[in-house]
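This is the structure alone, sequence omitted:
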């Protein structure tokens, strides 16, 4: 029997198992019969990413469990995050609650109630992100409603990524004596990526809940958490491969130092992102599997006395390192396989030469600030990386004094010497997204030779 001849209920059930939007669209384009079923019933109900309140949307989803249960990702983002492109159902929402029928307070109460109802429908949700750090446009929940949400999330076994960005009232010191383990089974056996932001996560009141969550997350590979949350420094997560520590409110060098115990207990880490990290050092195990590193200078300095060091670092984000200082001998810090490098400042030509000598395999380079170098210096420097694809930063613009005509000449010279180069920073900043526009280089092989052009594009969205 042809797939299109199957009963609608069976075909709908089959389509519900397709995660990717591209697969759904490909099927919709195959035949009119598939198009009628896929669009919009499935095509608009896989990813929900919003910055605005949309009370009518939540009212619609609360009435349509048959549609809501197919959502795979929910991202509730900050209203002022212009880099976010919103994705949400539109075609079938017209019958939902009209906007503005209730006063704002009652409308918000109704929106939260509908949201909690929708979360109870989730069967195949893989990603849940809720950013309520600054409240604007987010969900205003009571402690009891927060616990209801956490209870719903803890029952969704399919969740792989969870982001809670903000201070949960239910875990604050002033809240009733609630802990996650008293209200949540935390049945997220597939959870691999956990991000917790907010001062509450570093408070003693939340520590039992935090440890409970980490203990129950047996497949956790990536953890992003405030550096102030030192209560878990002695905790061991066997599957952890990526650790990101960020400054939430304030800390001291003695508190940072306590994370050295955590590093010692996790020798298989591949990613380490920590700021600040003034008293963190390479542990005795050497973190030999480390591939991506964002750290302060003292951490690399500790390579000198370590018995073991990382075998192959591929990505380095480093604010204060000087490649020409010779502080870390090359034998102790091999950058020969480094692919991506971010530096805050470069102040001398000698540093450029040292970078070229130390990191010959770079494909991506970002120098945030630099003094003025002659254009030929940049051409010689960048052409020393045969695989370079992306160069970010104002360096070339400074050398041509922000002159568009001179920059055009510089780009044409650069693409002749950097054959794989495909992207540079433009000097202008996109107003809403707050990032530099991109100069995207296009190369086309024609009968009469290679044609090179470029265009200025907006920074990419997320």
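Alright, I've got the coordinates. These numbers were taken from a predicted model, which means no experiment stands behind them.

Kindly check the end-to-end length of stretch 368-382 for me.
15 Å (C-alpha to C-alpha, to the nearest Å).

and residue 371, how many neighbours does it have?
Residue 371: 11 surrounding residues under other C-beta atoms under 10 Å. In this view, the C-beta of every residue, glycine as well, is placed from N, C-alpha and C.

Contacts only, for it.
346, 347, 348, 398 (C-beta atoms under 8 Å, 6 or more residues apart in numbering).

please redo it, this time with the cut-off set to 7 Å
Residue 371 sits next to residue 347 when contact means C-beta atoms under 7 Å, 6 or more residues apart in numbering.

I'd like to know the average pLDDT value across stretch 266-276.
Across stretch 266-276, the average pLDDT comes to 94.

typo on my end, stretch 334-354
90.

Contacts for it, please.
312-324, 358-371, 373, 377, 381.

so how far is it off the chain centroid?
Remark: stretch 334-354 is offset 24 Å from the chain centroid, using C-alpha atoms, centre = their mean, to the nearest Å.

Helix or strand with the lowest mean pLDDT in this protein?
The least trusted helix or strand in the chain, going by mean pLDDT, DSSP states H and E, turns out to be helix 180-183, with a mean of 56.

If you count contacts, what does the very next helix or strand once past it end up packed against?
Downstream of helix 180-183, the first helix or strand assigned by DSSP states H and E is strand 193-197. Contacts defined by 3 or more C-beta pairs under 7 Å, 6 or more residues apart in numbering; DSSP states H and E place strand 193-197 against strand 161-165, strand 222-226.

Strand partners (parallel or antiparallel) of strand 193-197?
strand 161-165 (parallel), strand 222-226 (parallel) (DSSP bridges).

Identify whichever of those lies nearest to residue 247.
Closest approach to residue 247 among these (C-beta to C-beta): strand 222-226, 7.4 Å.

For that closest one, buried residues please.
222, 223, 224, 225, 226 (16 or more other C-beta atoms under 10 Å).

which pair in these spans the largest distance?
Of all pairs in the buried residues of strand 222-226, the most separated under C-beta to C-beta is 222 and 226 at 15.3 Å.

how about the strands in the stretch 1-150 of the chain?
47-50, 73-76, 127-131 (DSSP state E, counting those that start in this stretch).

what's the angle from the last one to strand 193-197?
Computed by axes from the mean of the first three to the mean of the last three C-alpha atoms, to 10 degrees, the angle separating strand 127-131 from strand 193-197 equals 10 degrees.

I'd like the helices and strands packed on strand 193-197 laid out as a markdown table, including distance to residue 353 and mean pLDDT.
Converted to a markdown table, the helices and strands packed on strand 193-197 look like this (distance: least, C-beta to C-beta, whole Å; pLDDT from 0 to 100):
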| stretch | distance to residue 353 | mean pLDDT |
| --- | --- | --- |
| strand 161-165 | 42 | 95 |
| strand 222-226 | 36 | 96 |
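
Next, format these as CSV and append distance to residue 86.
Shown next, in CSV, are the helices and strands packed on strand 193-197 (distance: least, C-beta to C-beta, whole Å):
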stretch, distance to residue 86
strand 161-165, 17
strand 222-226, 24
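
right, so of these, which gets closest to residue 266?
strand 222-226 (9.8 Å).

now the closest one, how far from the chain's geometric center?
Distance of strand 222-226 from the chain centroid (C-alpha atoms, centre = their mean) equals 12 Å.

List of residues touching that strand?
So strand 222-226 is contacted by 192-197, 201-202, 237, 240-246, 248 (C-beta under 7 Å, 6+ apart).

Can you say which of these are buried?
Members of the contacts of strand 222-226 classed as buried by 16+ other C-beta under 10 Å are 192-197, 201-202, 237, 240-245, 248.

Please report phi then psi for residue 242.
phi -130, psi 130 (degrees, to the nearest 10).

and the longest strand that the chain contains, how far from the chain's centre?
Secondary structure of the chain per DSSP state E: the longest strand is strand 436-446. The chain centre lies 26 Å from the centre of strand 436-446; the measure is C-alpha atoms, centre = their mean.
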